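**Q** need a 3D model of the sequence below.
(chains A and B)
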Amino acid sequence: MEYNFKQIENKWRETWIRQKTYKIDIDASRPKFYVLDMFPYPSGAGLHVGHPLGYIASDIYSRFKRLNGFNVLHPMGYDAYGLPAEQYAIQTGQHPAITTEKNIARYREQLDKIGFSYDWDREVKTCEPSYYKWTQWAFIQMFNHYYCNKSQKALPIAQLEQHFAAHGTQGIDTACTEELCFTADDWAVYDLKKRQDVLLNYRIAYLADTMVNWCSTLGTVLANDEVKDGLSVRGGHPVEQRVMRQWSLRVSAYAERLLNGLDQVDWSDSLKEVQRNWIGRSQGAEMTFKVKDSDVEMVIFTTRADTVYGVTFMVLAPESELVAQLTTPAQQQAVNDYIVETKKRTERERLAEVKKVTGVFSGAYAINPLTNEEIPVWISDYVLAGYGTGAIMAVPAHDSRDFAFARQFGLPIRQVVVPVGETPSDPQTWDESRDSKEGIMVNSGPINGLSVKEAIRQTAAHITQTGIGRVKTNYRLRDAIFSRQRYWGEPFPVYYKDDMPYMLDESQLPLTLPEIDKYLPTENGEPPLGRAKNWATADGYPLELNTMPGFAGSSAYYLRYMDPKNDGALVSPEANAYWQDVDLYIGGTEHATGHLIYSRFWNKFLFDIGLIVKDEPFKKLINQGMIQGRSNFVYRIKGSNTFVSLRLKDQYDTTPIHVDVNMVQNDVLDLERFKAWNPEYANAEFILEDGKYVCGWAVEKMSKSMFNVVNPDDIVDQYGADTLRLYEMFLGPLEQSKPWDTNGIDGVHKFLRKTWRLIHDREDNLSVSADAPTAEELKILHKTIRKITDDIERFAFNTSVSAFMIAVNELTSLKCNKRDIVSPLVVLLAPFAPHICEEMWQLMGNSGSVCDAQWPIADEQYLVENSFEYPVSFNGKTRFKLTLPLDLSSGDIEKAALAHEESQKWLEGKQVKKIVVVPGRIINVVVG
RNA sequence: GCCCGGAUGGUGGAAUUGGUAGACACGCAGGACUUAAAAUCCUGUGGCCAUUGCGGCCGUGCGGGUUCAAUUCCCGCUCCGGGUACCA
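**A** Prediction:
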């Protein structure tokens, strides 16, 4: 009996639980280290082999840090609220809590088999009242705060009320939904309802009529990151724009801090770039255009104030409030028709028809504040209501959309920027707008001849002085819509009195999710909570019917892990002061614009109100690559039940058919299992090559329909958890996407067997020697210590596995079974393959768990080389090798190389022009 | 369109600062042990040419460049993957 992974792994799984090996607590005597995995949504499909990739990497790092003396917080939990469980509830009537609990149990079972060092006593589930109490609590805090731009932080709303009572809106600079202007006297006469209404304009969690992404199939609104190409990310259902009264979080108030914070964190440049683009800071100017024969003013945002002399028309978004104010009676009908038309088109159609230019003239004319020119105001859906002011000044010569619009409707085009070295040309002859990033201003009155950069500066100064406009920074980042018309989410701690929202008292938290009879909207279109009985406060005020979105519960879970059982606070000051922030966060890129923005926002807010000590939650972040599926195919001869092997298939007319990858090994099909797979194939016949049926393959998404889902449990059953862990790492660099291909797994399994045999004889009897190691053995060990330590710090786990293989191969050929060599090697391997290492550690007579061993330190004295095998190259081509002492001078190396008999062949008839000697590296002789 | 990655044997990949390209492993081929199989072990394995022996040429997506020396740096392309998009 050789390496019995089943027995070993079972033994240690039980022992670790019994001895609470992974339980941790605050320990002031040791430095902390916090390693976090993005917690999973427990789906009905269970874990596939791609999920644990990041978990294994973070587990290796956690164990490595622990071995280096750190007190490591490494928790796991579940993002338990979500649409799939609710959709399933709608179809089957099964309560989503039951489905979720069942899925969690399955996930837990799968996770437990892989040997993670999680402290399960800290597990959180976002759907548990003891957890979402603090989601609700944070929401109340957001309601009770506003964002002050001057101090760049959240402040209590009571302070704002005091300011209103004393000075009205005079002198405030806050984030708000719309700029309000009133005096202290006005405030004094406002009734309670009016005051509440005004305050909603400033609260960080606020209720407002906003343009939302409405998904009628899901029956709910969605946040921007939950919509892609006009379809819901979950389910791919159409999404349309609609104005609805919804809760929102004023994330946009934090745009600048979210952007600046990126400079302090150790994340990949590409991820930071995605966040920067999503935040979308653009610096420009807001400018006011008067409207002819009207007291209406149009405010527009532009990054190119310099091109104001090239403006030949204005465009309003169809949803803009100004449309109704500006449209002349003569154009009323046409404008109405156009607006009806654009409303009918869904967001998706608008995106699909980017090239199609539509619009209508409002009948009004604006006056260019710099030239006093009268220019027509148009309405078109290429201008977005949600960005800037919903109105633009069109410069068709230098903007492709404005250009297309001008061409479509015969509007004038005027060039105002000419690239250096070119002359102005007639825009009538152009096919497209001209680039204006750099150049010299023309047709622009006083700024003619200036560079673009200088012209922007001067124009901005001019409009600020004259009061025409002001310098302004705009962000693409919008507030997060926080209401969902769904059941399976956190209830809002909100009730309504006189149509105004009020927060429950903290003592009433958690407000638990009520039972309902059906998981569908009510007959009159209210969200599912409208079905709940007695859904009201003790005084009879109705409670909020919406629930919170998916990202609510995941925005502060990393804080809760620090102090998961605390009923008096989200996290205690002591726990937060000790654990501080996440040192290493591993997860997928798909959360780049959702979770990673929201949780940073949430964290900054909690930082502002003094709950926590860190402004940024995740110090270092690594995105693991996706594990793609690798599908297998068989080839059926058309019209028959005969299947032909891969390399013979071209001789027949065949149809490729997906087969379950679990009955294929090294691309060879298990014929019996295939026949048993489907009654249709019971009598299948095969045309084999070399007695085997070889399948074709392709890289596709891992999904049930492709029959390429590989379950980690199956791998654990067949090879053991240690093999699975090593193999996932061996597959390639952590951050790179790669297909799951079981073809190489035998290699790492063999490696573990060889490792086992280092201290076992042929009969599997333990055989460990206490002899002193030789210099050669010590060199192998210390070279490996250096390599592994270095690799782990760089998250290069794939090369670590190779280094282990090399070490074990070398020790095997030396027949080394010495405790002083194998024991430290086992410590190095323990983070990767904890079960076998724990067993070997014990077998070699060590006390305690290998988890608490001391990480070995590479001793350079064993690694000193005194000679080096120089590659000797001629004109850059390596010709032979020459071993020389390392302390030889460059001159002597040169002489030795030229004197070597092999050199004569390459020197013959040629002249040595130069010799490059890099001691310890290379010798290159240049001849000619 | 824009932004970010990537391209190395039959396959996954290695080469950390410009210094021996292909480590390690899979697969494949041949061999040992065995009645046989499994397991294990040994040898070979980038391509082409030569193969009696030594060996030679080419080669990291393509085309240029810098350098004694380029998978690595620079310029210009091609293809693949991901993100994002009327953002003024």
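
**Q** contact residues of the stretch 601-750 of chain A facing RNA strand B?
**A** A:666, A:690, A:730-733, A:736-739, A:741, A:743-744, A:746-748, A:750 (CB under 7 Å from any atom of the strand). Glycine gets a C-beta too; all of them are placed from N, C-alpha and C.

**Q** find me the pLDDT at the residue in the stretch 551-700 of chain A positioned nearest to RNA strand B, would you?
**A** Nearest to RNA strand B, among the residues of the stretch 551-700 of chain A, is residue A:666, at 4.5 Å (CB to the nearest atom of the strand). pLDDT, residue A:666: 74.

**Q** before we move on, what about residue A:868?
**A** 85.

**Q** you'd agree it is in a helix?
**A** No. Checked against DSSP: H, G, I helix; E, B strand; the rest coil, residue A:868 lies outside a helix; its state is strand.

**Q** so what's residue A:612 up against?
**A** Contact analysis of residue A:612 by CB atoms under 8 Å, 6 or more residues apart in numbering lists A:559, A:571, A:576, A:603, A:606.

**Q** ok, now with 7 Å
**A** Neighbouring residues of residue A:612 by CB atoms under 7 Å, 6 or more residues apart in numbering: A:559, A:571, A:576, A:606.

**Q** who wins on neighbours among these?
**A** Using other CB atoms under 10 Å as the neighbour test, those are led by residue A:559, with 26 neighbours.

**Q** now that residue: how far from residue A:569?
**A** 10 Å (CB to CB, to the nearest Å).

**Q** ignoring the adjacent residues along the chain, who's closest to the residue of the stretch 551-700 of chain A closest to RNA strand B?
**A** Of all residues not flanking residue A:666 in the chain, residue A:743 sits nearest, at 5.4 Å (CB to CB, 6 or more residues apart in numbering).

**Q** just for chain A, where's the confidence low?
**A** A:1, A:344-355 (pLDDT under 70).

**Q** my read: residue A:222 touches residue A:215, true?
**A** Yes. Using CB atoms under 7 Å, residue A:222 is in contact with residue A:215, at 5.5 Å.

**Q** what sits in contact with each of those two?
**A** A:232, A:239.

**Q** can you give me phi and psi for the residue in the stretch 701-850 of chain A that RNA strand B sits nearest to?
**A** Residue nearest to RNA strand B within the stretch 701-850 of chain A: residue A:747 (2.3 Å; CB to the nearest atom of the strand). Phi and psi for residue A:747, reported as degrees, to the nearest 10, are phi -60, psi -50.

**Q** thinking again about what came up before, what about the residues of the stretch 601-750 of chain A next to RNA strand B, which are in helices?
**A** A:730, A:746-748, A:750 (DSSP state H).

**Q** in contact with the closest residue to RNA strand B within the stretch 1-150 of chain A, which residues?
**A** The minimum distance from the stretch 1-150 of chain A to RNA strand B, using CB to the nearest atom of the strand, falls at residue A:2 (6.8 Å). Shown in contact with residue A:2 (CB under 7 Å, 6+ apart): A:753, A:756, A:764.

**Q** residue contacts, the second one?
**A** Taking CB under 7 Å, 6+ apart as the definition of contact, the neighbours of residue A:756 are A:2-3, A:836.

**Q** repeat that with 8 Å
**A** Applying CB under 8 Å, 6+ apart to residue A:756 gives the contacts A:2-3, A:836, A:840.

**Q** and what of residue A:513?
**A** Shown in contact with residue A:513 (CB under 8 Å, 6+ apart): A:487, A:490-491, A:547.

**Q** can you read off the backbone torsions of it?
**A** Per degrees, to the nearest 10, the backbone of residue A:513 is at phi -70, psi 130.

**Q** count of residues packed around residue A:310?
**A** Residue A:310 - counted by other CB under 10 Å - has 27 other residues nearby.

**Q** that one contacts residue A:402, doesn't it?
**A** No. If you go by CB atoms under 8 Å, residue A:310 and residue A:402 don't touch, sitting 9.4 Å apart.

**Q** which of the three states applies to residue A:197?
**A** Assigned with three-state DSSP, residue A:197 falls in the helix class.

**Q** isn't it up against residue A:500?
**A** Yes. Applying CB under 8 Å as the test, residue A:197 and residue A:500 come out as touching, 7.0 Å apart.

**Q** related to what we said a few turns ago, how near is the residue nearest to residue A:666 to residue A:696?
**A** 14 Å.

**Q** out of these two, which sits in the busier spot?
**A** residue A:696 (16 against 12).

**Q** let me see the backbone angles for that one.
**A** With angles defined as degrees, to the nearest 10, residue A:696 shows backbone torsions of phi -80, psi 170.

**Q** show me what contacts it?
**A** Counted by CB under 8 Å, 6+ apart, residue A:696 has contacts A:632-635, A:646, A:649, A:656.

**Q** who's it bridged to?
**A** Taking DSSP bridges as the rule, residue A:696 bridges to residue A:633.

**Q** what is in contact with residue A:310 and residue A:402 at once?
**A** Listed as contacting both residue A:310 and residue A:402 by CB under 8 Å, 6+ apart are A:395-396.

**Q** which phi and psi does the spatially closest residue to residue A:51 that is not a sequence neighbour have?
**A** Nearest residue to residue A:51, sequence neighbours excluded (CB to CB, 6+ apart): residue A:40, at 6.6 Å. Main-chain dihedrals, residue A:40, degrees, to the nearest 10: phi -90, psi 160.

**Q** and the residue of the stretch 101-250 of chain A that's closest to RNA strand B?
**A** In the stretch 101-250 of chain A, the residue that lies nearest RNA strand B is residue A:228 (5.4 Å; CB to the nearest atom of the strand).

**Q** how far away is that residue from residue A:587?
**A** Where residue A:587 is concerned, residue A:228 sits at a distance of 19 Å (CB to CB).

**Q** next: residue A:916.
**A** Taken as CB to CB, the span from residue A:916 to residue A:587 is 47 Å.

**Q** when those two are compared, which one has more neighbours?
**A** More crowded of residue A:916 and residue A:587, by other CB under 10 Å: residue A:587, with 22 against 14.

**Q** perfect, that will be all.
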